[in-house]
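>>> show me the folded form of this:
(chains A, B and C)
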Amino acid sequence: MKIRYSLFLYYASLISFNTSSNAETPREIVKKANELWHGKSSISVCTMTVIKPGWSRKISMKSWMLEPDYALILITGPAKEKGIVTLKRKNEIWNWIPTVQRIIKIPPSMMLQPWMGSNFTHDDLVRESSIVDDYTQSLIGEEKIQGYDCYKIKLIPKPEAGVVWGKLIMWISKKSYLTLKINFYDEDGTLVKSMIASNIKTMDGRTIPTHLEMIPTNKPGEKTVLDYQSIRFNVKLKPSFFSERNMKRIR
Amino acid sequence: MLASLAWKNVWRNKKRSLIMILAIALGLWGSLLAGAIWMGWGESMVNTAIDRDLSHIQIHNQKYLQNKEITNFIPDGFRVLKETISVPGVKAASGRTLIEGMAASPISTFGVKIVGILPVEEKKVTNIHTRLIEGKYFESNDRNPIIIGKKLADRLNLKLRSKIIISFQGLDGSLIYAAFRIVGIYKTESALFDQSNVFVQQANLFRLLNTEPIIHEIAIRLQSSRLMPQIYNEVKTKYPNLSVQTWKEIAPEIAVTSAAMESFTYLFLSIILLALLFGITNTMLMSVMERIRELGVLIAVGMKRIKVFTTILLETIMLSLTGAAGGFAIGGITIAYFSYTGIDFSAFASTMESFGASPTLYPFLPMSMYIALPLMIVITASLSAALPAWKAVHIEPATAVRIY
Amino acid sequence: MYIALSWRNLWRNKRRSLIAAASVFFAVLLAVVMRSVQNGSYAYMIHSSVKFYTGYLQIQGKGYWDNRSLDQSIVINKKQQQEILNIPHVISAVPRLEAFSLVSHEKVTKVSQIIGIDPILENNMTELKKKLVKGKYLTDSPDGVLIGQGLADMLKVSVGDSVVLFGQGYHGVIAAARLPVVGIVKFPISEMNNAMVFLSLPNAQNIFSAYGKITSLAIMVDTIKNQNKVYKSLKAMFNNQYTLMTWQEMMPDLVQGIEIDNASGLVMLIILYIVIAFGIFGTIMMMTSERAKEFAVLISIGMKKIRLIWVSSLETVFLAFLGAFAGTVVSLPIIFYFHYNPIPITGNAARAFDTLGVEPIFNFSTEPSIFINQAIVVLIIALATALYPALFIGKLDPVKAIKS
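This is a model prediction of the structure:
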C-alpha cells in the first residue's frame, strides 16, 4: 500500500475539485486523494534509502507502472544489485537475478518479508487493500501540515478487512488532495508507524511530493526514505510489456 | 514332610525371618511402585503428545507428507472420516483442514500452521480445549474466531480479543488475507507447538477459500492404545492409496523416550533384585551357620545330605515367596489405588517450565511384568539358596557337633 | 585397647565377619552400579541430543535467537577461538552462518535454511558426513552444497544439478548464487530433512556479504557436569558483548523429559537403599543374636555392659569400613569395564534409538563422586545398624541367655 502511494503521484487539479467541494464526504476526499496516487501509467526514477541504527543503504531504481495490476522495477544501483528486476502481475511477484541468470517466483510465505531489505514488504507492492473500500472514513478536523491546510481524516478498518491496523489517520491537503501524512495505529491506539511526504515539486507538469519517509515508531534510528528524481505520466504501456522476456531485456 | 520341616525352620527364628520377609516385601513393593511410576510417566509423556495433537493414528493424502500444499487434501475426505469412525475400537476421529500460512500483527509476522477443526468433534480426539489459559473454546459469535498459543501471542504482541491477520495461499494460487479475532489463548508443555499452531473453524476456511469442504488430515483416537497394531492394519488395508501412520512413525523421538524408560525399568528392577539376592543369601548363610551343630547332628544320625540341601532350599524359597507375596499384595493395592486417583507430580514440575495443566501420573504395570517378576523372585530365591545349601551339605558332622 | 580387642574379635569367627562385611560390600557395589548407570545415561541422553545440532552452549549476537537476522551476526577471531578451545572441558567450537533464503531449481522454489559450516569441525560434532546418502561431502567439493533429502525430492534435484539461492544478506544486500549440488544428506527428523542446505562457511559469508562473520558458535563440552564451569568461563570472556545460550534454553521441550528421568531415578535409588538397609540390618541382627551366649558370658564374668557395647560397635564399624572399602575398590574395574564396553540396549528400545541415529547403549559414568557418595551412604546405613547390637546388649539378661 505504501509503495503504491509513493510511486503513483498524480497531479490532482486537473480533476474538477473547484466545484461543490463543500458537499464532499470524507470517503470522497480519501477517494480523490487515492486517485491522485493511482494514475493510469508512469515511468519513474527514484532512490530508496534504508536507514538502520549503525548502517544505511541506498538503492536506485527505475520503475514502469500500469495501474492497477502491472509493475516492473529495475535496480540500477549499487553495483552488486544492478540489473535485478522485480515484476508484478496482479498479485504475483517474480525476481530476475542476472548474476545467476534465473527468474524466481516469490512464494506466499515470503510475501511478508522485506523487499530489497527495506521497511516495505513484497506484500506492500502488490496488495490491493483499498483505502477507500476496506475502511470507514470520517472527518475529524483540520490541521496545517508543512504550510498546507489539510483535512484530518480517521479511517477504521471494516470488520472483515484483512489489514493489521486498528486505525489510520490521514492528512490530505484541501487544495490539491495531496496526502502529506499517514499515521498507522494498532487496535489499542498505539502509533506503530508513520508515513510523511514532503519536498513538493513539479514533475511532468504536475505538483507532487517527491520525498517520502516511512518511520516505524518503536525502532529508533530506523526508517526508509524514497526520493523521486523524475516521473513521466500517462506513458504508453501495455500489459504485454510486463513479461518474463522483458525482465531480462530491460535496461 | 520336608516342606513342613522347612516351614517350621523358617519360623524358629521369628525375628530374623520377619526382617528378611519385610525386606523382601518392601523391596518388591518399592520396585513395583517405582516401576509402575516410571511406566506411568512414560505413558503420560506419550499420552500428552497423543492428546494434544498426535492421536493414535493419522491418515493423509500420500502426497501431503512430501509437500504440505493445500491442494494435497484427502480425496473424498469426509466419506473416509465417516467410515473410520464406525470402525470398532475407534473411540473418535476428527478431520482437520491444514494450511501453512502467516500470522501478522502490527509489529510482527510469523509462519504458522492453520488447523481448521470442527470444535465439537475435535474435543473428542484431542484436548486443546482443556489447555486454554484465557478465553473460551469457540463459544463466541465472532465471524472468524481463532485460538492461538501463548508463545505466539507474546511474539506478535497480541492478547485476547486482539485482531490477528492470517494469510495463506488459496487453491487457485491466489493470496488470501483474513482478519481473525482471538477468542482463546492456550498453553501446552511445548513452546514450539504453542508458537506454530493456530485453531480456526473449518467452515470459516471453506468460506474464505470459496471451496467445497476439504480435509487434509484424519486423526483417530482409539479406545485403548493396545488396539493400535490391529486397527492400524485394518485402516491401512482399507485405504491402500492413502498414507496411514501411527504416532510412533510421526513422532519417533517420543517413542524413543518411552521405550528407553521401559529398558531402564527392567535394569533397575534387576539391580534391586540382586540386592535382595545378596540379602537373602546372607541371611540364609547366617541361619545355616547358626544351626550348624543341629544340622551336624541330623546328618550324623542319618539324614541324607540331599534332604538337607532340599530343606535349606525350601526354607529359602518359602521365605522369599512369603516376602514376595506380601510385597505383591501391598504393591498391587498401592498401584491399583494410584492408577485410579493418579499421582500429582507438580512438585517436580515446579523445577521445570510450568505445564498448562497439572501433571498427574497414572502408574501401571504391564501384565508381562506381573508374570516376569514372580519368576525373577523364584529364580533369585533359588540362586540365593545355592551357597547356604551347599554349605549345609558339606557339613562334617564330627566337627560340626563340637562347634560352640 | 578396645580397638585391638574388636579387631581380634572379628577374626575369631572369620566366616561370620566375612558374611557381615560381604553384605556391606555388595550393597556398595550395587549402589555404585545403579548410580553409575543413572548418571551415565542422563549424561548420555543429553550429550547425544546436543551433539545432534545445538551443542551444549552457543555464542550468538544479542537478539539473534528471537529474530534470526543476519544483521545480528558476530565476529570471533582466531585468537578468541583458540582461547575458547583452551577452556578446560571444551571439546570443540563449531562456527555457523545461518540464513533463510529461497532455493530454486527449474520451476520449484522453496524457502530453506542455509547453513554455512566448517565441514571438518561440523562433522566432528554432528557426524554430518555419516548422514550422506548420495554424492560427496563438502571437504571434497567446497564450492557445492549438501541438500536434505526431503528438500532434494521436492526440488527434484540430484547430485550434479545446480540450485539457485536467493535471499537477503547482511545489511539487506541481496544474496544470489548458483551452486552445484554435490551431496544429499538424510536426517531422521523430517523438519531438518525438508529444509536444510549446507555449504562451506567462506562460501556462505561471501554470498550473504557477511565477510568474516558467523551467526553462532556452538560449543561442545565433554560432559553435562562441566557445562556450568564452561559457561562461566565463556561469560567472563565475552562479558555481555554477545549472548550465551544453553541447550536448555534452545531446546526447552527436551529439558522436561530428561529431568523427569532424573527424578524417577532418585526414587529407584532410595528403594535400593531401603533394601540394602534391611539386608545389612538382618545380617547384623543375626550376628548379634548368634553371639548372645558369648556376650552373656562376658557380662557375667564382670565386663561392663558399656564396654561391651563399645567393643561390639567398633566391630561393626570395622566391618562396615571393610565392606565399603572392598566394595568401592572392586566396583572400580567393573564400572570402568562397562564404561568402555557399554551394555547394548535391545528390542523395541534399540529400534527406537536407531530411528534417531543414537547408539542404543547403557552408558556407565565414571565420575569419582559416584563411588565416594555411594560408599558414604552405605557406610552411614551400616553404622546406623550398629545401634541394634548396642540395644541388644543393653537389654541382655545374661542368665537367661546362658541358659537358652
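>>> please state the offset of the longest helix seen in chain B from the chain centre?
Counting by DSSP state H, the longest helix found in chain B is helix B:252-290. Computed by CA atoms, centre = their mean, to the nearest Å, the separation of helix B:252-290 from the middle of its chain amounts to 21 Å.
>>> so is it next to chain C?
Yes: residues of helix B:252-290 contacting chain C under CB under 8 Å from any CB of the partner chain: B:252-253, B:255-257, B:259-264, B:267-268, B:271-272, B:274-276, B:278-279, B:282-283, B:285-287, B:289-290. C-beta: built from backbone N, CA, C; applies to glycine.
>>> check which residues of that helix are buried.
Buried positions in helix B:252-290, judged by neighbour count with 16 or more other CB atoms under 10 Å in any protein chain shown: B:252-265, B:267-269, B:271-290.
>>> how about the closest residue to C:Val157 other than its chain neighbours, phi and psi?
Nearest non-adjacent residue to C:Val157, counting by CB to CB, 6 or more residues apart in numbering or on different chains: C:His105, 4.9 Å away. Main-chain dihedrals, C:His105, degrees, to the nearest 10: phi -140, psi 120.
>>> so A:Ser230, which of the three states?
strand (DSSP: H, G, I helix; E, B strand; the rest coil).
>>> which ones are touching it?
By CB atoms under 8 Å, 6 or more residues apart in numbering or on different chains, the contact set of A:Ser230 is A:Ser44, A:Val45, A:Met203, A:Asp204.
>>> in TSV, list the residues you listed along with pLDDT.
TSV is the format used below for the contacts of A:Ser230 (pLDDT from 0 to 100):
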residue	pLDDT
A:Ser44	89
A:Val45	93
A:Met203	82
A:Asp204	81
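>>> and which of those residues is nearest to A:Lys158?
A:Ser44 (31.6 Å; CB to CB).
>>> what's the next secondary structure element after the strand or helix carrying C:Phe371?
C:Phe371 belongs to helix C:368-385 when assigned by DSSP states H and E. Using DSSP H and E, the helix or strand that directly follows helix C:368-385 along the chain is helix C:387-395.
>>> list the helices and strands whichever helix or strand comes after that following helix packs on?
Sequence-wise, the next helix or strand downstream of helix C:387-395 (DSSP H and E) is helix C:398-403. With contacts taken as 3 or more CB pairs under 8 Å, 6 or more residues apart in numbering or on different chains; DSSP states H and E, helix C:398-403 sits against helix C:292-300.
>>> what helices and strands are in contact with the helix it packs on?
By 3+ CB pairs under 8 Å, 6+ apart, helix C:292-300 packs against helix C:305-340, helix C:387-395, helix C:398-403.
>>> so for that helix, what's the average pLDDT?
Helix C:292-300 carries an average pLDDT of 83.
>>> quick one, it and helix C:387-395 angle?
50 degrees (axes from the mean of the first three to the mean of the last three CA atoms, to 10 degrees).
>>> wait, does stretch C:184-196 contact chain A?
No: judged by CB under 8 Å from any CB, stretch C:184-196 makes no contact with chain A; its nearest approach is 11.7 Å.
>>> residues making contact with that stretch?
Under the criterion CB under 8 Å, 6+ apart, residues B:252-253, C:53, C:110-113, C:115, C:128, C:131-135, C:146-152, C:154, C:158-159, C:198, C:355-357 lie in contact with stretch C:184-196.
>>> who does the nearest residue to A:Lys236 once chain neighbours are set aside form a beta bridge with?
Leaving aside its sequence neighbours, A:Lys236 sits nearest to A:Ser41 (CB to CB, 6+ apart; 7.5 Å). Judged by DSSP bridges, the bridge partners of A:Ser41 are A:Leu66.
>>> where's A:Ser41 relative to A:Val235, distance?
From A:Ser41 over to A:Val235 the distance is 5 Å, taken as CB to CB, to the nearest Å.
>>> which residues do the two both contact?
A:Trp64.
>>> between those two, which is the more surrounded one?
A:Ser41 (18 against 15; other CB atoms under 10 Å in any protein chain shown).
>>> ok, that one touching A:Leu66?
Yes: between A:Ser41 and A:Leu66 there is a contact at 4.9 Å, judged by CB atoms under 8 Å.
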